[in-house]
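Student: here is a sequence together with a model predicted from it:
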Amino acid sequence: MHDRIAVVGGAGRLGTRITRRLMEQGYRVRVVSREPHRGRLPLGVELHRGDVRYADTLASALRGCAGVVFTVEPGTANSGPDSPETTMYDGVRNVLAAATGEGESPHMVLISQIFVTRREHPMNAYGQLLDWRLRGEDAVRACGLPYTVIRPSWLTDDTFAGARVRLEQGDRGDGWVSRDAVAEAAVNALVTTEARGMTFELYNEPGEAPVDWAPLFRRLTHDRVPSWTDHSG
Ligand SMILES: NC(=O)c1ccc[n+]([C@@H]2O[C@H](COP(=O)([O-])OP(=O)(O)OC[C@H]3O[C@@H](n4cnc5c(N)ncnc54)[C@H](OP(=O)(O)O)[C@@H]3O)[C@@H](O)[C@H]2O)c1
C-alpha cells in the first residue's frame, strides 16, 4: 500500500479527478472539503472537514501525509472571507503550516493558473486574484518542502484542444488544458523526483497524451527561490 496523500479541494471538478487517479495507483487519499460528502468520489476515500481560511480546521486533516495537493477555487471579493487573499495566500500558508506541524515534509503540489505574473490582466480586478495567487506560489517556493507549482491554462472538461501536453515557463502564453491532463500532471509531479522545485504552465495541443512525464519535467528549469521568505504575519 502506498502513502497517504491529502487533496485539499479534492471534491471539486479537478480535485475529484486527482483523487481518482491517485486511488487507481494505490494511494490512500484524504479529501479535505468544507462540506465533506462522498458525492462523485470513489469508495474508500477518506473525508475530512477543513477550510483553508481557518488554520485550526486543518491540523488533523493534513497530519501524516506524504503529499498534499492544493486545488482550491479562490473567492473573488475585494476583502473579507471570500477574497482571494484569504484562500490563495492565507489558505496556502495555513496548509503549509498544518502539513509540516509534526516535522513532516510532504511534497506540496499547488494548482495555480496562467497570468499570475501579468498584473494588468482583467482577472486581477477581482480582489487582486492574480497578485494573491502569486504570493501563495511564492510562499510554496520558499517553504523548504519539495514542491511543484502547476499553472493550468483555461480548464476544459473535454479534450477539444488535444491530448498532447506542452509545459512552458515564463507565463507568456494563453490556451486550454483539460482537467484530466492537469490531474495527470499533478499525480506525476507527486511521484516523479524530476518535478521537484519547478513552476510551469500547462497547455494541451493536438497529439497523443504522454506516457512518461519524466522527460517533460527534465526539460524544465528549476525555480530560483526568492531570497526572502514570506511566512510572516
Ligand atoms: N477555470 C479555469 O479555467 C481555471 C484555469 C486555471 C486554474 N484554475 C484553478 O484550478 C483549480 C481547480 O479548479 P476547478 O474548476 O476544479 O474548481 P472547483 O470545481 O470549483 O473546485 C474547487 C474546490 O475548492 C474548494 N474550496 C473552495 N474554497 C475552499 C476553502 N476555503 N477551503 C477548502 N476548500 C475550498 C471547494 O471544495 P468544497 O466546496 O468541497 O469545500 C471546491 O470543490 C482552482 O484553483 C482554479 O482556480 C481554473
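Tutor: Thanks, I have the structure now. Numbers count the residues shown, from 1 in each chain.
Student: ok, the closest residue to the ligand within the chain - contacts?
Tutor: Across the chain, the shortest distance to the ligand (Cβ to the nearest ligand atom) belongs to residue 12, at 2.0 Å. Backbone N, C-alpha and C define where each C-beta goes, glycine included. Listed by Cβ atoms under 8 Å, 6 or more residues apart in numbering, the contact set of residue 12 reads 71-73.
Student: and residue 51, by the same measure?
Tutor: Contacts of residue 51 by Cβ under 8 Å, 6+ apart are 34, 57.
Student: which residues in this structure form helices?
Tutor: 13-24, 59-62, 84, 91-99, 129-141, 179-191, 214-218 (DSSP state H).
Student: could these be laid out in TSV, adding mean pLDDT?
Tutor: Listed next are these as TSV, based on pLDDT from 0 to 100:
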stretch	mean pLDDT
helix 13-24	97
helix 59-62	94
helix 84	97
helix 91-99	97
helix 129-141	98
helix 179-191	98
helix 214-218	97
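Student: most neighbours per residue, which of the ones you listed?
Tutor: Across the helices of the chain, averaging neighbours per residue (mean count of other Cβ atoms under 10 Å) puts helix 84 on top, at a mean of 26.
Student: which helices and strands does that one pack with?
Tutor: helix 129-141 (3 or more Cβ pairs under 8 Å, 6 or more residues apart in numbering; DSSP states H and E).
Student: need the residues that contact the helix it packs on.
Tutor: Applying Cβ under 8 Å, 6+ apart, the contact partners of helix 129-141 are 74, 76, 83-85, 88-89, 91-93, 96, 108, 110, 112-113, 115-119, 121, 123-124, 147, 149, 199, 223, 225-226, 230-231.
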